[in-house]
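S.K.: with the input below, show me the fold.
(chains A and B)
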Amino acid sequence: MTLRATAFHARVAAANRCNAWQTRNGYTLAAAYGDAQDEVLAARSCAALIDISWHWRLLFEGARAAECLSRICTRDVSALVPGAHTEIAWLDDRGLVRGAGRVERLGRERFRLVAAAPDDCWMARAAALFEVATRDVTGQAAGLALCGPLAPAAVAAAGIATRVSAHGLQRLVWNAREIEILGTPSGFEIRCAADDALFLWDCMVRAGQDFALLPMGLQAQDMLAVGRGVVQPGIDYRPGQEPPEALGLGQLVATGHKRFNGRSALLARPAGPILMGISLDSPEPAPRAPVSFEGRDVGRTLSSTVSPLLGHAIALAKIEAGAAVAGRRVLVSATEGMLTPLPFLQDAGVAFAEASPSV
Amino acid sequence: MTGDAIVIGAGVNGLVAAAYLARAGRRVTVLEGRHAAGGACASTTMGGNAKAPGLAHAVYALDPALVRELGLVRHGLAFAARDLPLVGLRPDGKHLVISRDLRATEHNLALQSRADAKIWRSYREGLFGFARAMRAQWWNDRRTTAEDALARISRQGTGPFLDSWFESEGLKATLAFDASAASPLAAGSALLLAWRVAQEMGGLQGATAILRGGSGALIDALLAAIRVAGVSLRLGGKATEILVERGRVCGVRLASGETLSAPLVLSSLDRRATLVELARGECLGLEEWSRLANEKPRVASAKIHFLLGGMPKFSGIAVPTVSRFVLAERWQTYAASHAAARLNAMVPEVTCEFLLPTVADNSLAPEGLHIMSVLVRPLPLSPLQGWPQLKADLAARVITMAERVMPGVARLVRDVRVSTPDQMGESDCRDATVRRLLASWNTRISTPIAGLYLCGASAEPASAVSGRAARIAAQAALRDGELR
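M.R.: Predicted structure coming up:
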């Protein structure tokens, strides 16, 4: 596999003081720019800048694109208005999760699926059934995420006048460049042409100086993901192995949506394990370790990390439904811990200007 | 228009399903896109008034239960010959005549190989015994009692299986024809041999029969049965869409735009045509939908009818003329042909099974004329040159092969009719697989759409004129109707 660099690579390399790199989705990305714990604290209390150009982006175009994506996704995306987006998962025929991400409606017959891991062949085969064309546009744009409570102020300081909501998407012209800005529960995502990437990075870093903005690497992102109770494809699960509840994706399944793929198999499935958090008594993370209660195995941990905010290790774990009781003391390998509802910590939240989504 | 049930297709299976539903008091409509009922069994006429059998020139799997329950004998069904010997024709004239008479068969096989003659009895008893045990699986929805033998044979290809018994190439090639719906190298294709001898005709296990009046006589008997039961048959009523509402079938739309409503629909088309083309993927998982939509049969067969101006004469030793003849060199030829056909290339050697139905039933043709009905397989479904170009060539190849064992037959040919794979409907061309042979009846006949059942030949463990799938699907549909 040839490793690819994102359009921000020159700036990322310059900011990467430890020269620490990781690969995800075929891209070379900064593991940490300095200290990952500092980056987490910046994202929780101030603002952090993340290169998200490596996210898989698939464009759906065709007269039946809305019908097709409604059949694929666990939420009825045909109800989205152009300029709105929603979090979704997609399941296989057996009701097991293939992936999770976000669907953005760009127009009446145009949608974009964004996810952390690609599922090209499966999507292309499904789309072909509805005569819908799919196009992988991952490398075509550069993307930055700004998260943290001061992200709106940093965006405003950069001169981006946006009134986008937490579920909206807006295209605008900024400094004579076309950009796309999305509101997300943790902040914003800004996309631009690859040629404009370095200009965007520089502007955001300059504007963020007054708000203690730090660039954030993959290690800090993974720490935050565990804290938020978010599972990651390729790390916590593989396609077609777990039902949504076991991955904490149950809230993405709209029970009122009658047509999504795998629905009947999912409804027929007996209750299985669910995703819980475990607060470990030790500062040592315990990934992929057995979890036992009163001498009986009741589950297994997935990702585990040290939480700089909580001061101890935390883990995501698949726990048998009958044993998943918050507050229950369990044993993870040889370490004691406590079952905790997810997320471990609520996000500080981002205040969006009130606006209706538009393109 | 509303009714209790709609059956799509007026072939054997469609008519059987309709008869069962109507006998249970349901108001049934059968839709047939063509202007005549019969499907693969519809007879055709040649040379004025000679009646050639349809694609199915012999019957070997007709469900005895339905013959009895639908009173088909009362409606005119009769056998012209009910236990055809299998004759492997050899260019050296030492033909292999395999009949129910073990001593005669052993005597004949000894002409090619003493070892084969000696082991024939064990082979036959072993295979017939295994096949009887497998009837639990293939006749009803129960588990087989022959687990050990099943585990062994379901991994074996026909070729290696026959190699483990016999040494003469002619015998192996002749026996392998009955499993040639799958490549003889495909794991589990040996099960097809067992499936074939698990069937019975006229109370004889593993028999092959010819119907009096040709294959169309079966259709005539079934038409009489459905008429008595009060079924409405609509010829020229092509179904274009199966209508589904909230996961349940609610009717069928016809090419004319007319809509028929019914809470039960039984389709004799295959799973792909039914669920993808008519039901438009409704209720299907996207993966299964995609698999079905992209599934193409890769190996097919052709049917050739030769109208002969006289009785052909066989070279070599005497053979019974009311027989099922096989023209094949070695089983490896099937394997090579399967491989070529899968690549859509014209096969190097064709293999044929042929009958002379007019010998057993002289009502089929005017005196002196005979029909030679030939089944040729395996063939590519759509060869690069196209079937219209290859049609004449295929008939010439077959008659050249026949000439080697029946000198002078080419001079007797008065008329030729070739049905190439592109004219024969895809459902007959599906590869036989172990998965299909061992799937439960419920898996084969049910669909993700409530009230919609598959009742055609493609729902059988292996494609044949049987009607068993239709009987079982109709019974399941009736239970479904009672539950609602």
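S.K.: contacts and neighbour counts: CA atoms only from here.
M.R.: Will do.
S.K.: residues near residue 250, how many?
M.R.: No chain specified, so I'll use chain A. Residues contacting A:G250 under the criterion other C-alpha atoms under 10 Å in any protein chain shown number 16.
S.K.: that's the other chain; I wanted chain B
M.R.: The burial count for B:C250: 22, using other C-alpha under 10 Å.
S.K.: what's next to stretch A:253-268, contact-wise?
M.R.: Residues from elsewhere that reach stretch A:253-268 (C-alpha atoms under 8 Å, 6 or more residues apart in numbering or on different chains): A:70-76, A:88-96, A:243-244, B:283, B:285-286.
S.K.: which ones among these map onto helices?
M.R.: Taking DSSP state H as the definition of helices, these contribute A:70-72, B:286.
S.K.: surely B:F325 meets B:T351?
M.R.: No - using C-alpha atoms under 8 Å, B:F325 makes no contact with B:T351, being 10.8 Å away.
S.K.: ok, for B:G213, nearest residue in space, not its chain neighbours?
M.R.: B:L364 (6.4 Å; C-alpha to C-alpha, 6 or more residues apart in numbering or on different chains).
S.K.: surely the one you found is in contact with B:M372?
M.R.: No - if you go by C-alpha under 8 Å, B:L364 and B:M372 don't touch, sitting 11.7 Å apart.
S.K.: the residue nearest to B:G213: neighbour count?
M.R.: Neighbours of B:L364 (other C-alpha under 10 Å): 22.
S.K.: and the residue of chain B that's closest to chain A?
M.R.: At 4.8 Å from chain A, B:G285 is the closest residue in chain B, using C-alpha to the nearest C-alpha.
S.K.: pretty sure that residue is touching A:D93, no?
M.R.: Yes - between B:G285 and A:D93 there is a contact under C-alpha under 8 Å: 4.8 Å.
S.K.: more crowded one of the two?
M.R.: With neighbours defined as other C-alpha under 10 Å, B:G285 and A:D93 compare such that B:G285 has more, 25 against 22.
S.K.: now that one: how far from B:R444?
M.R.: 16 Å (C-alpha to C-alpha, to the nearest Å).
S.K.: which bits of chain A sit near chain B?
M.R.: A:72, A:92-93, A:125-126, A:129, A:259, A:261-262 (C-alpha under 8 Å from any C-alpha of the partner chain).
S.K.: in three-state terms, label A:L169 for me.
M.R.: strand (DSSP: H, G, I helix; E, B strand; the rest coil).
S.K.: got the phi/psi numbers for the closest residue to chain B within the stretch 201-350 of chain A?
M.R.: The stretch 201-350 of chain A approaches chain B most closely through A:N261 (5.7 Å), counting by C-alpha to the nearest C-alpha. Backbone torsions of A:N261, given as degrees, to the nearest 10, read phi -60, psi 140.
S.K.: which residue of chain B sits farthest from its center?
M.R.: B:R246 (35.8 Å; C-alpha atoms, centre = their mean).
S.K.: separation between whatever residue of chain A ends up closest to chain B and A:A265?
M.R.: Relative to chain B, the nearest point of chain A is A:D93 (4.8 Å; C-alpha to the nearest C-alpha). In this view, A:D93 and A:A265 are 7 Å apart by C-alpha to C-alpha.
S.K.: kindly report the same for A:S304.
M.R.: 31 Å.
S.K.: give me the more crowded residue out of these two.
M.R.: Applying other C-alpha under 10 Å to A:S304 and A:A265 shows that A:S304 carries more neighbours, namely 25 against 16.
S.K.: quick one: contacts for that one?
M.R.: A:226, A:285-287, A:313-316 are the contacts of A:S304 under C-alpha under 8 Å, 6+ apart.
S.K.: kindly report the same for B:A439.
M.R.: With C-alpha under 8 Å, 6+ apart, B:A439 has these contacts: B:P461.
S.K.: can you list the weak-confidence ranges in the chain?
M.R.: Chain wasn't specified; assuming chain A. A:1, A:348-359 (pLDDT under 70).
S.K.: that answer is for a different chain, and I need it for chain B
M.R.: B:1, B:141-145, B:424-432, B:481-484.
S.K.: for it, which residues are neighbours of chain A?
M.R.: Counting by C-alpha under 8 Å from any C-alpha, chain B sits next to chain A at B:283, B:285-290, B:293.
S.K.: would you map the helices across chain A?
M.R.: A:9-15, A:36-45, A:65-72, A:120-128, A:151-157, A:197-208, A:218-228, A:263-268.
S.K.: right, and the ones you listed - which one's nearest B:T333?
M.R.: Taking C-alpha to C-alpha, helix A:120-128 is the member of those nearest to B:T333, at 36.3 Å.
S.K.: not counting its neighbours along the chain, what's nearest A:Q241?
M.R.: In space, A:Q241 is closest to A:L96, 5.9 Å off (C-alpha to C-alpha, 6+ apart).
S.K.: so who does that neighbour touch?
M.R.: Here A:L96 is in contact with A:239-244, A:262, A:266 (C-alpha under 8 Å, 6+ apart).
S.K.: one more time with 6 Å, if that's ok
M.R.: A:240-243 (C-alpha atoms under 6 Å, 6 or more residues apart in numbering or on different chains).
S.K.: which of the residues you listed are buried?
M.R.: A:240, A:242-243 (16 or more other C-alpha atoms under 10 Å in any protein chain shown).
S.K.: from these, pick the one nearest B:L394.
M.R.: The closest of the buried ones among the contacts of A:L96, once distances to B:L394 are taken by C-alpha to C-alpha, is A:G240, at 47.5 Å.
S.K.: ok, the closest one touching A:G95?
M.R.: No - A:G240 sits out of contact with A:G95 when judged by C-alpha atoms under 6 Å, with a separation of 8.2 Å.
S.K.: name the residues contacting each of the two.
M.R.: Counting by C-alpha under 6 Å, 6+ apart, nothing touches both A:G240 and A:G95.
S.K.: returning to what we had before: what's the burial count for the residue of the stretch 201-350 of chain A closest to chain B?
M.R.: Neighbours around A:N261, by other C-alpha under 10 Å: 26.
S.K.: relative to B:G451, how far out is it?
M.R.: According to C-alpha to C-alpha, A:N261 and B:G451 sit 20 Å apart.
S.K.: could you do B:S256 as well?
M.R.: B:S256 is 24 Å from B:G451, by C-alpha to C-alpha.
S.K.: neighbour count: these two, which is higher?
M.R.: Legend: neighbour count by other C-alpha under 10 Å for B:S256 and B:G451, higher for B:G451 (25 against 11).
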